[in-house]
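Student: got a sequence here, can you model it:
(one chain, ligands or ions: 1)
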Amino acid sequence: MSNGFETLAIHAGQEPDPLTGAVVPPIYATSTYKQDGVGGLRSGYEYSRSANPTRTALEEALAAVEAGARGLAFASGLAAEDTVLRTVCRPNDHVIIPNDAYGGTYRLFAKVNERWGLRYDPVPLGNLDAVAGAMTQKTKIVWVETPTNPLLGIADIAGLAELAHENDALLVVDNTFASPYLQRPLELGADIVVHSTTKYVGGHSDVVGGALVARSKELGDELAYHQNAMGAVAGPFDAWLTLRGLKTLGVRMDRHCDNAERVVDLLLAHPKVTQVLYPGLGEHPGHEVAAKQMKRFGGMVSFRVAGGEEAAVEVCNRAELFTLGESLGGVESLIEHPGRMTHASAAGSPLEVPADLVRLSVGIETVDDLLADLTRALG
Ligand SMILES: Cc1ncc(COP(=O)(O)O)c(C=O)c1O
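Tutor: Take a look at the predicted model:
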């Protein structure tokens, strides 16, 4: 098979069903599998926590589009993240985390795994010297989100991979915002890619899921062992929906990027907008790195509003076509106030976000309608 991105997304792991020729992998709604005599498994399937053919199809497709050795599908992005931490780390190990990241990721480190002895330090990952300075002999993971949620910060994946490996640590990249269509961290030296497939990979706001893709088979197998032992797997229907979304990721991402660029232009020209955060802008501090490691700059746009928190909340409340809601990456546009919504769990922490910040997930609706809605919402 040729290996263009869209070809892999549509065909990898998705051979027509051997029994019927169905071109779409069926939803195998079964918990267990008949054995042909004790231990006589058909194609290795014995119990659906360990493996299920619908999930296998998704896992193979994810591994292919991220250029990894092994993909794994989970019940949510956070379940995937927790599996990485508990596979790689032991009590008293240390993890470097971004000083800007999804609030729930921060909560997982600060409120859950810290109680089990995992140490962490939030570091500005755009600054390689700061990362080098934060490394200890116990550092097992450098955890990167790029672009970050919600400030759209950029970290240099290749530079961080080199730094992590010099210190015998792994580089883990949360690739949720970029998606594998725009950025492939494993090709830049990362060891594990994490996704909330709830977002661009699923793409239709109809399923919660997560994924891991490992660069090496050994690490992939270790993660798979823990996936089965810990149990937070994707169910077959969720895997099927996510796989259906993945097939159109390329065309969706191009339209997300087109529309986001138009939205950025509107915001830049608007008197009530004090700052636009988008890695595609020449003045963005991470622009050069983003241009080097991303195909385009994505569908997420954040901006700050003159008038502070109340003004930012008002913009969110007034928008109509931009639906007020958490999450991102679906075909429909969403607007939110990170300080009071997705990042409320980071309040009072080094990851607290500015109160005047609004985050947009720019969807693929008719762009003129999106621009008209934002103009109205900004007042
Ligand atoms: C960048 C990023 N990583 C991880 C997650 C967690 O994923 P999930 O909500 O699927 O558990 C999110 C959720 O918003 C996210 O935005």
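Student: indicate the residue of the protein located nearest to the ligand.
Tutor: Nearest residue of the chain to the ligand (C-beta to the nearest ligand atom) works out as Gly77 at 2.3 Å. From N, CA and C alone the C-beta is placed, and that goes for glycine too.
Student: interface residues of this structure facing the ligand?
Tutor: Neighbours of the ligand within the chain, by C-beta under 6 Å from any ligand atom: 76-78, 102, 104-105, 145, 149, 174, 176-177, 196, 198, 208, 210.
Student: for those residues, which one is nearest Arg255?
Tutor: Here the nearest of the residues of the chain next to the ligand to Arg255, counting by C-beta to C-beta, is Phe177; it sits at 16.2 Å.
Student: Leu357: neighbour count?
Tutor: 21 (other C-beta atoms under 10 Å).
Student: and Ser31, by the same measure?
Tutor: Residues lying near Ser31 (other C-beta under 10 Å) number 10.
Student: again with the one 10 residues further on
Tutor: Using other C-beta under 10 Å, Leu41 is surrounded by 14 other residues.
Student: hmm, it is touching Thr32, no?
Tutor: No: counting by C-beta atoms under 8 Å, Leu41 does not reach Thr32; the two are 11.0 Å apart.
Student: the residue nearest to Gly189 when sequence neighbours are not counted: what's it in contact with?
Tutor: Excluding the flanking residues, the one nearest Gly189 by C-beta to C-beta, 6 or more residues apart in numbering is Ala161, at 2.9 Å. The contact partners of Ala161, taken as C-beta atoms under 8 Å, 6 or more residues apart in numbering, are 171, 188-191.
Student: could you do Thr242 as well?
Tutor: Contacts for Thr242 (C-beta under 8 Å, 6+ apart) come out as 58, 73, 197, 201-202, 207, 209, 234.
Student: looking at this, it is in a strand?
Tutor: No: read with DSSP: H, G, I helix; E, B strand; the rest coil, Thr242 is helix and lies in no strand.
Student: from His195, how far off is it?
Tutor: Going from Thr242 to His195 by C-beta to C-beta, to the nearest Å gives 10 Å.
Student: joint contacts of those two?
Tutor: Residues touching both Thr242 and His195 by C-beta under 8 Å, 6+ apart: Val201.
Student: run through the strands of the stretch 251-379 of the chain in chain order.
Tutor: For the stretch 251-379 of the chain, the strands defined by DSSP state E, counting those that start in this stretch cover 273-277, 300-305, 323-324, 334-336, 357-361.
Student: of all the ones you listed, which one comes closest to Gly21?
Tutor: strand 357-361 (38.0 Å).
Student: which stretch of helix or strand covers the residue of the chain positioned farthest from its centre?
Tutor: Most distant residue from the mean C-alpha position of the chain: Gly37, 42.2 Å away (C-alpha atoms, centre = their mean). Using DSSP states H and E, Gly37 is not contained in any helix or strand.
Student: domains of this protein?
Tutor: Here the domain parsing of the chain from the TED database is 5-244, 250-378.
Student: mind putting these in TSV, mean pLDDT included?
Tutor: Output for the domains of the chain, formatted as TSV (pLDDT from 0 to 100):
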stretch	mean pLDDT
domain 5-244	97
domain 250-378	97
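Student: Ala211 pairs with what?
Tutor: Per DSSP bridges, the residues bridged to Ala211 are Ala73, His195.
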